[in-house]
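Enquirer: Turn this into a structure:
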Amino acid sequence: MSARMPIPKASVPGHRSPGAGFEDPFDMLSACHERVERMLSLLDRLCVHLASKGWDQSAAQAARDVMRYFDLAAPHHHLDEERHVFPAVLAAPDREGLHATVTQLQHDHEVMEQRWAQARQVLQRIDQLADAPCRPLTPQECGVLTGFSDLYEQHIQREEQCIYPAAKVLFNTDGIRAMGEEMQHRRMAKP
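Expert: Model (predicted):
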């Protein structure tokens, strides 16, 4: 992770993105990627903040923001891909090794879930120790956060450059509408 700007005190990055609605689910998926990238940037800035300023309320708030996003929104996004995007590509003739790419992305989802569980533990400690004496993250804690972030960035790149363009052309108007409706319905359903 690279050094970036300090953590804004009253900001909740990742909850604002370009207007994308369920009527164009592929735009919605890309907008979600933009929010993921904002959360990964916040995670990056959090590591820098902890190294320079220590554990404080700004760090705790940033940790809570990242946890909220990856606990709530990211699982819906992965399910959108698993239910709609990946099956469409796998059902089509394999062009340019896209089936292998989808298989890798499906595996990524499993690894991301495992890495998220580890990253979440680090973030929970940051949130809980906001009033503790200043200390940087351990190399192991940094590695956990970096590993999660790096995998997500590579994953997004493969989806945006290869899979989304290939999948989008496989859907007709009715298919796009059905995909958007299912995505919306699932998000509105009570847990």
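Enquirer: all contacts plus neighbour counts: C-alpha atoms, from now on.
Expert: Fine.
Enquirer: how far away is the spatially most central residue of the chain from residue 65?
Expert: Residue closest to the average C-alpha location in the chain (CA atoms, centre = their mean): residue 36, at 3.8 Å. Counting by CA to CA, to the nearest Å, the separation of residue 36 from residue 65 is 12 Å.
Enquirer: what do you get for residue 185?
Expert: Separation of residue 185 from residue 65 (CA to CA): 25 Å.
Enquirer: and residue 95, what pLDDT?
Expert: Residue 95 is assigned a pLDDT of 86 by the prediction.
Enquirer: any weak-confidence spans in this protein?
Expert: 1-19, 130-135, 190-191 (pLDDT under 70).
Enquirer: hmm, 80 instead?
Expert: Where the chain drops to pLDDT under 80, the residues are 1-20, 54, 129-136, 189-191.
Enquirer: all strands of it, in order?
Expert: Here the chain has no strands by DSSP state E.
Enquirer: and the closest residue to residue 22 other than its chain neighbours, what does it touch?
Expert: Excluding its sequence neighbours, the residue lying closest to residue 22 (CA to CA, 6 or more residues apart in numbering) is residue 180, at 4.6 Å. Residues in contact with residue 180 (CA atoms under 8 Å, 6 or more residues apart in numbering) are 22, 23, 24, 25.
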